[in-house]
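In: structure for this input, please:
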Amino acid sequence: METLRTFLRVSLPFAAVGFLNQAARIVVATVGPAMALEFGLSASGLGALAAVFFAAYALAQLPIGLAIDLHGPRRVQVLLSLVAALGFLLCALARDPTLLAVGRFVTGIGIGGALIGLMKANMQWYPAWRLAAVTGAGVFFGAAGGLAATLPVQAVLPSIGWRGVFLVLACLAVLAALWIRLSVPANPPGARPAVRRPLGAEIAEFARIFRHPVFTRNMPAVALLSGLVFTYQGLWAGPWLRDVGGLGDAARAGVLLCYSLGIMAGQLFGGHLASALQKRGVEAMRVPFAGMAAMAVLQMVLIAQPQGVVTLSLFWFGFACVGSVGPISYAVLAQRFPPELTGRVATALNFSMLALVFLLQNGIGLILDLWPRSATGGWDPAGYSWALGLTLALQALTVLWLVAAPRLQARRAA
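Out: Residues are numbered from 1 along each chain as shown. Next comes the predicted model:
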């Protein structure tokens, strides 16, 4: 009962920012065709518009992690939520692609601490073996933002337009800031006065994190697993369903809804499974490792270009479900570092993942532009298959690195 009260008072307000995070990521996949039509954007242009959001998100990660470690998640997340509200407002008011890109960049900074704020707060309020479960539950509720950005947004789009959608998100961001400020206690249990060190010494801790053998071994595979989910959720799943699956607007929004449900299921059940394994002394990283294997199989299936609304709903649900166990590894790996570094460890992982998303979203757009556009303005299905083949090959390389890294690190130590 005490855990539930803590979750409602502490974790759920931070999960509200996760709601905005997921909505901001996927909303372009839903309203992207309308924006592309209004501004005349190409595939690479639309990819760049989506990727600039992730670029800002990635650039903000390390400073946000440092700020959360030094000043606490409550204070930092309230400020960032207001920054996100400004970004959504700029998008709503944009009259050209440049201002729209600026709005997406500001939004990326504002929601950049969503997962990290939730994780840091959970580490302050729960025992270690509960972290994966409560973090997964918090991200599960936050992922409802992905649901809201599919069928609900598609339903209101004719009446309020894509600009109205961004105005609603701006209002929700202000409400999230107020909720955290009023609900989350200023000091966690057992809080001690922070030991202040020179800022340069605090920043230098990032070098120790990026060189740590646990980080260097796991980061590529974890970043790619999560990055694939966000790359397609944030942009390319919608166009794939139109150009390869042949689905109309309503059917496409339905499959994207299943995609978001897959994310929620993977985060909730994956988190509880990881915590159950950890409580029994079993390596919790087995959960994301299993997700990597399943993701490789699903990519091979999608390269074959399956058809049918039900079939595509199942496959994209599975794609999102197995890929969304990646963030669970953040909570697991962060426990292997001192508590005062957990915010920076998580943002180092997130930074790596988001930098990869930026490259993947742009790279897929460049691959698609190698083929002529169709008469309806879509892209050639062959381009999507080549893009999936490339990411499948990258995933194989990360798995090889997981196997080879311990041996190489042992040789270096010797």
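In: helices along the stretch 1-150 of the chain, start to end?
Out: For the stretch 1-150 of the chain, the helices defined by DSSP state H, counting those that start in this stretch occupy 2-6, 12-39, 43-71, 73-93, 97-110, 114-125, 131-142, 144-148.
In: what does the stretch 251-400 of the chain give?
Out: Using DSSP H, counting those that start in this stretch, helices in the stretch 251-400 of the chain cover 286-303, 309-323, 328-334, 342-368, 381-413.
In: could you tell me the least trusted of the ones you listed?
Out: Lowest mean pLDDT of those: helix 328-334, a mean of 76.
In: how far is that helix from where the chain is centred?
Out: 14 Å (C-alpha atoms, centre = their mean, to the nearest Å).
In: so what does that helix touch, helix or strand wise?
Out: Helix 328-334 sits against helix 114-125, helix 131-142, helix 213-231, helix 249-279, helix 286-303, helix 342-368, with contacts defined as 3 or more C-beta pairs under 8 Å, 6 or more residues apart in numbering; DSSP states H and E. No exception for glycine: its C-beta is placed from N, CA and C like everyone else's.
In: so which bits of it are buried?
Out: The neighbour-count check on helix 328-334 (16 or more other C-beta atoms under 10 Å) flags 328-334 as buried.
In: A382: which of those is nearest?
Out: S329 (33.7 Å; C-beta to C-beta).
In: how far away is the closest one from M219?
Out: 10 Å (C-beta to C-beta, to the nearest Å).
In: residues shared between the contacts of those two?
Out: Listed as contacting both S329 and M219 by C-beta atoms under 8 Å, 6 or more residues apart in numbering are L349.
In: which of the helices of the stretch 251-400 of the chain sits most buried?
Out: Stretch with highest mean neighbour count among the helices of the stretch 251-400 of the chain: helix 328-334 (a mean of 26; mean count of other C-beta atoms under 10 Å).
In: show me the contact partners of that one.
Out: 115, 119, 122-123, 131-132, 135-136, 214-215, 218, 222, 267, 270-271, 274, 278, 284-285, 287-288, 342, 345-346, 349-350.
In: any weak-confidence spans in the stretch 101-250 of the chain?
Out: Scanning the stretch 101-250 of the chain for pLDDT under 70 picks out 129, 190-196, 234.
In: hmm, try it at 80
Out: 125-133, 135-137, 139, 143, 146-147, 149-151, 186-199, 201, 233-235, 249 (pLDDT under 80).
In: closest one to S260 among the helices of the stretch 1-150 of the chain?
Out: Among those, helix 144-148 sits nearest to S260 (C-beta to C-beta), with 3.5 Å.
In: buried ones in the following helix or strand past the closest one?
Out: With elements assigned by DSSP states H and E, the helix or strand that comes after helix 144-148 is helix 151-183. Neighbour-count burial for helix 151-183, counted by 16+ other C-beta under 10 Å, picks out 151, 153-154, 157, 162, 165-170, 172-174, 176-177, 179-180.
In: and helix 151-183, how far out from the chain middle?
Out: 19 Å.
In: using PDB, write out every CA atom in the following helix or strand past that helix.
Out: For helix 151-183, the following helix or strand on the C-terminal side (DSSP H and E) is helix 199-211. Below are the C-alpha coordinates for helix 199-211, written out as PDB (Å, rounded to 0.1, in the frame of the first residue of the first chain):
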ATOM      1  CA  LEU A 199      31.500  21.900 -11.600                       C
ATOM      2  CA  GLY A 200      34.500  20.800 -13.700                       C
ATOM      3  CA  ALA A 201      34.900  17.700 -11.500                       C
ATOM      4  CA  GLU A 202      31.200  16.800 -11.800                       C
ATOM      5  CA  ILE A 203      31.300  17.100 -15.600                       C
ATOM      6  CA  ALA A 204      34.500  15.000 -15.700                       C
ATOM      7  CA  GLU A 205      32.500  12.100 -14.300                       C
ATOM      8  CA  PHE A 206      31.000  11.600 -17.800                       C
ATOM      9  CA  ALA A 207      34.400  10.500 -19.000                       C
ATOM     10  CA  ARG A 208      34.500   7.800 -16.300                       C
ATOM     11  CA  ILE A 209      31.000   6.600 -17.300                       C
ATOM     12  CA  PHE A 210      31.800   6.500 -21.100                       C
ATOM     13  CA  ARG A 211      35.000   4.500 -20.400                       C
END
